[in-house]
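A.B. asks: Quick one, fold the following:
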Amino acid sequence: WPLIFSGLEVIINWVTLSHRDPSGAPTLYNLLVSLGIGHTATMKLVDVQAELDYFPRTMLYISGKVLEHLV
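C.D. replies: The predicted model follows:
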C-alpha cells in the first residue's frame, strides 16, 4: 500500500517557538492534532495574524513550510 504520509513527528507537552517547517514542499499540508484532556492551547499563525483555539480533539491542516506558526 502506498503511504500518504512522508513522515511522523510527535511533540508531547511542549510549547513550540515560532517557525516554518524546513522540509517538504509548499504544496504539502501538515496534519496537526491536539490530544489529551483538560488542557487549553492556542495555535498562532503569524503570517495571517490568526489565533486559533487548539483544544483536545482539534485537527488542523496547514502548510507548515509556508505559514509561520507556534503553539
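
A.B. asks: From here on, just use CA atoms for contacts and neighbour counts.
C.D. replies: OK.

A.B. asks: and the gap between the nearest residue to residue 45 once chain neighbours are set aside and residue 19?
C.D. replies: Spatial nearest neighbour of residue 45, excluding adjacent residues (CA to CA, 6 or more residues apart in numbering): residue 69 at 4.6 Å. Distance, residue 69 to residue 19, using CA to CA, to the nearest Å: 6 Å.

A.B. asks: More neighbours: which of those two?
C.D. replies: residue 69 (24 against 15; other CA atoms under 10 Å).

A.B. asks: Quick check: the more buried one touching residue 43?
C.D. replies: Yes. Using CA atoms under 8 Å, residue 69 makes contact with residue 43 at a distance of 7.2 Å.

A.B. asks: you'd agree residue 47 is in a helix?
C.D. replies: Yes. Under DSSP: H, G, I helix; E, B strand; the rest coil, residue 47 sits within a helix.

A.B. asks: Contacts only, for it.
C.D. replies: 67-69 (CA atoms under 8 Å, 6 or more residues apart in numbering).

A.B. asks: got a pLDDT number for it?
C.D. replies: In this model, residue 47 is scored at 94, pLDDT.

A.B. asks: ditto for residue 52
C.D. replies: Turning to residue 52, the model gives it a pLDDT of 94.

A.B. asks: what does residue 36 give?
C.D. replies: 86.

A.B. asks: hang on, isn't it packed against residue 56?
C.D. replies: Yes. Shown here, residue 36 and residue 56 form a contact pair, counting by CA under 8 Å, at 5.5 Å.

A.B. asks: worst-scoring helix or strand of the chain, pLDDT-wise?
C.D. replies: When the helices and strands of the chain are scored by mean pLDDT, DSSP states H and E, strand 30-34 comes last with a mean of 88.
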